[in-house]
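>>> let me see the structure of the following:
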Amino acid sequence: MENTNYVYAIPTTYESTKTKEYLSQYKDWFYVFTFSNDVATSVSDELIDRIHQTRADLIFPFLDELFQDRWDEITCMDIACNQGWFSTQLAVRGAKKVIGFDTRDEHLEMANVVKEIGGLNNITYVNQDLFELDESVAGQYDLTLFLGILYHLENPMGALRKVRSVTKNFCVIETQVARTSPELEILNGSDTTPKKGAGIGVFSADENHVQHGMSVVIVPTLPALYQMLYAAGFKRLYLSVPPGAMYEQYADFDRVVIFAQV
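Purely as a prediction, here's the structure:
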């Protein structure tokens with residue numbers, strides 16, 4: 001029978017009481033982590049959980065088909081991993097190595113609690129910034145995840161170039177995109193012929209989701225994002241097309257998942 005549940009329970013040898021005790025150290029869980037002993041974290045916003053579930057339903061069918069029984073050969077990097085939900089799903093699938101990094105210590109602490117409960121020794125979490133990666137995570141990874149980050153940045157092109165530099169085979173990009181508008185035009189010096197290009201939106205930053213001191217974020221339209229990914233050095237792009245019943249932002253392509261191949 002075809003597998004239609006792409007979110008795997010995290011195997012654990014811990015009893016449910018001990019699992020709950022570990023998880024109760026933290027209150028602000030952003031993801032639902034479900035363990036094989038039927039213990040799960042809870043989130044306060046059901047819509048957030050629906051978005052995370054939709055991401056998984058769009059991402060993992062492709063990856064599971066792509067890697068099949070080769071997960072134990074695949075090295076992975078989860079960029080700005082938050083509490084490590086996607087890192088955990090990669091590790092549970094048996095990925096050879098998973099590096100998850102974030103700049104927020106509390107999120108990494110929570111990720112490590114999940115790692116410990118699940119005995120997931122193939123994950124390593126580190127405090128890193130995408131633009132300042134050090135030797136501990138240097139190199140290229142078969143699979144990189146860049147999920148829910150791009151639309152929080154003021155330098156998305158620089159970020160995509162950095163992501164490409166650490167991607168050996170495939171990168172999964174999930175992001176909000178600006179709604180597509182007619183192509184923009186620009187005159188360039190003495191050239192009086194207007195050049196046309198895809199649009200990019202400049203928006204006020206949400207202080208809860210960006211680094212301190214950042215006042216604007218730059219969000220491309222989907223056509224602009226395609227152009228930026230090619231410019232960053234990716235060779236082939238595959239857009240995940242959701243069923244209409246999925247969360248409307250994905251169904252309406254206000255939010256997209258793209259598989260970018262090197």
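>>> which SSE is immediately downstream of the longest strand seen in the chain?
Identified as the longest strand of the chain according to DSSP state E is strand 167-176. From strand 167-176 onward toward the C-terminus, using DSSP states H and E, the following helix or strand is strand 184-188.
>>> list the buried ones in that following strand?
Using 16 or more other C-beta atoms under 10 Å as the test for burial, strand 184-188 gives no buried residues. In this view, the C-beta of every residue, glycine as well, is placed from N, C-alpha and C.
>>> before we move on, back to that, buried stuff in the longest strand of the chain?
Under 16+ other C-beta under 10 Å, the buried positions of strand 167-176 are 167, 169-176.
>>> elements contacting that strand?
helix 46-67, strand 141-147, helix 156-165, helix 222-232, strand 255-261 (3 or more C-beta pairs under 8 Å, 6 or more residues apart in numbering; DSSP states H and E).
>>> between those, which gets nearest to residue 99?
With C-beta to C-beta as the criterion, residue 99 lies closest to strand 141-147 of the helices and strands packed on strand 167-176, at 7.1 Å.
>>> which strands border the closest one, and is each parallel or antiparallel?
Strand 141-147 has its sheet partners listed here by DSSP bridges as strand 75-79 (parallel), strand 167-176 (parallel).
>>> closest one to residue 46 among those strands?
Using C-beta to C-beta, these put strand 167-176 closest to residue 46, at 19.3 Å.
>>> residue 98 is nearest to which of the helices and strands packed on strand 167-176?
Checking the helices and strands packed on strand 167-176 against residue 98 by C-beta to C-beta gives strand 141-147 as the closest, at 9.0 Å.
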